[in-house]
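Asks: model the structure of this input:
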Amino acid sequence: MVGRTGPDALLDVPDETSRRPDERVPQRESIGLAFITALQLLSPKQRAALLLVDVLDWQPQEAAKLLDTSLASLNSLLQRTRKNVAEVKLSEPPSTVSHTDSALLQRFIHTWESGDTQAFAALLSDDALFSMPPQPEWFAGRDAIAQFFAAMWNALPGQRRLRPIAANGGPAVAVYRRASLPNARFEPGGITLLTMRDGYITHITRFGAPQLFTLFGLPTHLPSD
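Replies: Next up, the predicted model:
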């Protein structure tokens, strides 16, 4: 089963009730969206302000100083940002990991690590989606997604190891890659979120951001053997 570690564990913290709803995004929502939706939809300055104040709980004055702006400008920026985030409606609710989903996750990990494109494709629904925010490219359908992964695995040969984690309330994997070089170690590649339905994977969202690994409490590398 996937454990609640790293940023996802923060979702267990109760929402603050001492601040009015119109003053901040609720803590549970802000953390869930900060790593997913905000990365895709917000400008860099909006993203930084939201993370600093609503996720990391910095004082607005501290955030304004770091972002080299006035307190009034920061508050205005936060107001617009919170409104944008509050209006976002996710297309599917976060997945929970049932016993069936856990088995599907393990098969997903095995097919990715082995590079078995055919077996990988069999885990996807016909209408599956694959996206890589903040990049605009996305792929729809089992065949298109499988072709992309086959091309990626061929273009970046080497071994891969996946660690199951939890992110945004659902299952995810941390992907490590080892290049085909002597004494190479498994290095962080990205965090990939999964949505599952009826025994298939319906949505894959990949964040190619190795710096996220430390936030999840993951090691910065894996041993070569």
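
Asks: show me what the helix or strand hosting Ser76 is packed against.
Replies: Using DSSP states H and E, Ser76 sits within helix 71-87. Contacts defined by 3 or more Cβ pairs under 8 Å, 6 or more residues apart in numbering; DSSP states H and E place helix 71-87 against helix 27-34, helix 37-41, helix 44-50, helix 60-66. Quick note: C-beta positions are derived from backbone N, CA and C, even for glycine.

Asks: state the mean pLDDT of it.
Replies: Across helix 71-87, the average pLDDT comes to 85.

Asks: list the helices and strands the helix or strand that that helix is followed by packs on?
Replies: The helix or strand immediately downstream of helix 71-87 is helix 99-114, counting by DSSP H and E. Packed against helix 99-114 by the contact rule (3+ Cβ pairs under 8 Å, 6+ apart) you find helix 117-122, strand 158-167, strand 170-179, strand 187-197, strand 200-207.

Asks: which one, of the ones you listed, ends up nearest to Ser131?
Replies: Closest approach to Ser131 among the helices and strands packed on helix 99-114 is made by strand 200-207 (5.3 Å; Cβ to Cβ).

Asks: still on that earlier bit, quick one: which of the helices and strands packed on helix 71-87 has the weakest pLDDT on average?
Replies: helix 27-34 (a mean of 46).

Asks: what pLDDT, on average, does the helix or strand where Ala146 lies get?
Replies: Per DSSP H and E, Ala146 falls inside helix 142-155. Taken as a whole, helix 142-155 has a mean pLDDT of 92.

Asks: now the angle from it to strand 158-167?
Replies: Angle, helix 142-155 to strand 158-167, by axes from the mean of the first three to the mean of the last three Cα atoms, to 10 degrees: 130 degrees.

Asks: what does helix 142-155 contact?
Replies: 112, 115, 117-118, 120-121, 124-126, 128-130, 139, 204 (Cβ atoms under 8 Å, 6 or more residues apart in numbering).

Asks: and of those residues, the nearest to Leu77?
Replies: Leu129 (30.9 Å).

Asks: and the gap between the closest residue to Asp101 other than its chain neighbours and Ser125?
Replies: Distances taken as Cβ to Cβ, 6 or more residues apart in numbering place Met196 nearest to Asp101, at 4.9 Å, with adjacent residues excluded. Going from Met196 to Ser125 by Cβ to Cβ, to the nearest Å gives 9 Å.

Asks: what distance do you get for the residue nearest to Asp101 to Asn168?
Replies: 13 Å.

Asks: re the thing from before, in a markdown table: the helices and strands packed on helix 99-114, plus mean pLDDT.
Replies: Shown next, in a markdown table, are those (pLDDT from 0 to 100):
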| stretch | mean pLDDT |
| --- | --- |
| helix 117-122 | 96 |
| strand 158-167 | 89 |
| strand 170-179 | 90 |
| strand 187-197 | 91 |
| strand 200-207 | 92 |
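
Asks: mind checking which of the ones you listed is nearest Leu52?
Replies: strand 200-207 (19.3 Å).

Asks: so what does the next helix or strand after the closest one touch, helix or strand wise?
Replies: Downstream of strand 200-207, the first helix or strand assigned by DSSP H and E is helix 212-215. Judged by 3+ Cβ pairs under 8 Å, 6+ apart, helix 212-215 is in contact with strand 187-197.
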